[in-house]
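1. following is a predicted model, sequence given first.
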Amino acid sequence: MRESTGGTRQRIQAVALELFTEQGYEKTSLREIAERLGVTKAALYYHFKSKDEIVNSFVEDRLRRMDELIAWARAQPTSRDTRHALIARYAETMFASEQPSVMRFFEQNQTVLKSLTAGQQMRERMFQLANELCRGDDSPAAQLRAALSLFAVHSSWFAVRAPDITDDDRKKIALDVADELLAGIGDRPAAQD
């Protein structure tokens, strides 16, 4: 029975994510999600009481992955190799399974996410990752390079619009740009007062 419940939750998440991306979070109702699934609203409520709960459910996995990356980075020496490995690991998590759909959802529903707890948690984790990417160089330029390197991975889903590009090509482009940005971190003398 557990697999059936888990499978139903996953189907709800997938359909909700699809509708949120197509129509927007605010314009999608629980009734529409239930209709697309071919279930009653009561059946949907059994698994999720609100749209916020649905969003939180698919963000939880991403937060867990980010927490693992942050912990890994903190245990590594401060170096260009560590920065390179961290952004590569981050890209792997962003290109895994359902993550491209989640990225599209985030990109298209940014204003809604700001008001949700899940969105605030994502933002906090992004800053923690950026801090790890520029650890050892607290200059404003390093902070910006670190944030932009993460954004390079994210924006590859909507900024790279080549019609026949593969996910592997998209990821390679994102990592090349991120590595160019990260190369400028840590090799500068300390900022003058």
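-> Arrived safely.
2. just the buried residues of the lowest-mean-pLDDT helix or strand in the chain, please?
-> Among the helical and strand segments of the chain, the one scoring lowest on mean pLDDT, DSSP states H and E is helix 99-108, with a mean of 71. Burial within helix 99-108, assessed by neighbour count using 16 or more other CB atoms under 10 Å, is assigned to Q99, S101, V102, M103, R104, F105, F106, Q108. Using the backbone N, CA and C atoms, a C-beta is placed for each residue, glycine as well.
3. the domain parsing of the chain - what is it?
-> Using the TED database, the domains assigned to the chain come out as 1-49, 51-183.
4. most packed of those?
-> Sort those by mean neighbour count, taking mean count of other CB atoms under 10 Å, and domain 51-183 sits at the top with a mean of 17.
5. got the end-to-end distance for that domain?
-> Length of domain 51-183, first residue to last, CA to CA, to the nearest Å: 41 Å.
6. between the longest helix anywhere in the chain and helix 99-108, how many degrees?
-> Assignment by DSSP state H gives helix 51-74 as the longest helix of the chain. Here helix 51-74 runs at an angle of 110 degrees relative to helix 99-108 (axes from the mean of the first three to the mean of the last three CA atoms, to 10 degrees).
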